[in-house]
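Enquirer: I would like to see how this sequence folds:
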Amino acid sequence: MNGKVVAVCTSEEKGTRKTPRDEGELVVEEGLKGDAHSGPWHRQVSLLAQESIEKMRAAGLDVGPGDFAENITTQGVTLHTLPLGTRFLFENGALLEVTQIGKICHDRCAIYYQAGDCVMPREGIFARVVSGGSVRPGDRFQVVLPQD
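Expert: Numbering: from 1, shown residues only. Prediction:
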């Protein structure tokens, strides 16, 4: 199974939408360099599928990559159905490992108030950086399922 990077996004502050960038640097056991959510914990990088964003667009919202505070927007893989431990091997050698599927949304975000719903708590996933490297829109990645 293969996917494609649609966008790479960062923000300087937590709790805000992220801004798409031309490139990002994945740092081992930290996350995306320069992002407010990076650090030595299990949710170093957040990912959301473009297909999930399209669900919110279909509900009438004008949203796109980074609007759900995700670091990497992907296409071609139904992220939230993958098991914990799944790895994403990027064409440049960077490697992410899925550590969490979805999240509890303690504070309702701006998207929730606009639409009455937000897809990130159900369909967003989180990963740690196993091997670092650059990541850009258009990059391909391979999904490696965990061995039983």
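Enquirer: export the helix or strand encompassing Ser52 as PDB, just CAs?
Expert: Element membership for Ser52, per DSSP states H and E: helix 50-58. Provided in PDB are the C-alpha atoms of helix 50-58 (Å, rounded to 0.1, in the frame of the first residue of the first chain):
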ATOM      1  CA  GLN A  50      -7.000  14.600   2.300                       C
ATOM      2  CA  GLU A  51     -10.000  12.200   2.000                       C
ATOM      3  CA  SER A  52     -10.900  13.100   5.600                       C
ATOM      4  CA  ILE A  53     -10.600  16.800   4.800                       C
ATOM      5  CA  GLU A  54     -12.900  16.300   1.800                       C
ATOM      6  CA  LYS A  55     -15.600  15.000   4.200                       C
ATOM      7  CA  MET A  56     -15.600  18.300   6.000                       C
ATOM      8  CA  ARG A  57     -15.600  20.200   2.700                       C
ATOM      9  CA  ALA A  58     -18.700  18.200   1.700                       C
END
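Enquirer: how about stretch 59-72: buried residues?
Expert: Using 16 or more other Cβ atoms under 10 Å as the test for burial, stretch 59-72 gives Leu61, Val63, Gly64, Pro65, Gly66, Asp67, Phe68, Ala69, Glu70, Asn71, Ile72. From N, CA and C alone the C-beta is placed, and that goes for glycine too.
Enquirer: got it, and stretch 73-86?
Expert: Buried residues in stretch 73-86 (16+ other Cβ under 10 Å): Thr73, Thr74, Val77, Leu79, His80, Leu82, Thr86.
Enquirer: starting at the chain centroid, how far to stretch 9-19?
Expert: 12 Å (Cα atoms, centre = their mean, to the nearest Å).
Enquirer: now, which of the buried residues of stretch 59-72 sits nearest Gly39?
Expert: Nearest to Gly39 among the buried residues of stretch 59-72: Asn71, at 12.7 Å, using Cβ to Cβ.
Enquirer: residue contacts, the closest one?
Expert: Listed by Cβ atoms under 8 Å, 6 or more residues apart in numbering, the contact partners of Asn71 are Val8, Cys9, Thr10, Lys18, Gly24, Gly31, Leu32, Asp35, His37, Val45, Ser46, Leu47.
Enquirer: In PyMOL, how would I select the buried members of those residues?
Expert: Here is the PyMOL command that selects the buried residues among the contacts of Asn71 (16+ other Cβ under 10 Å):
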select buried, resi 8+9+10+18+24+31+32+35+37+45+46+47
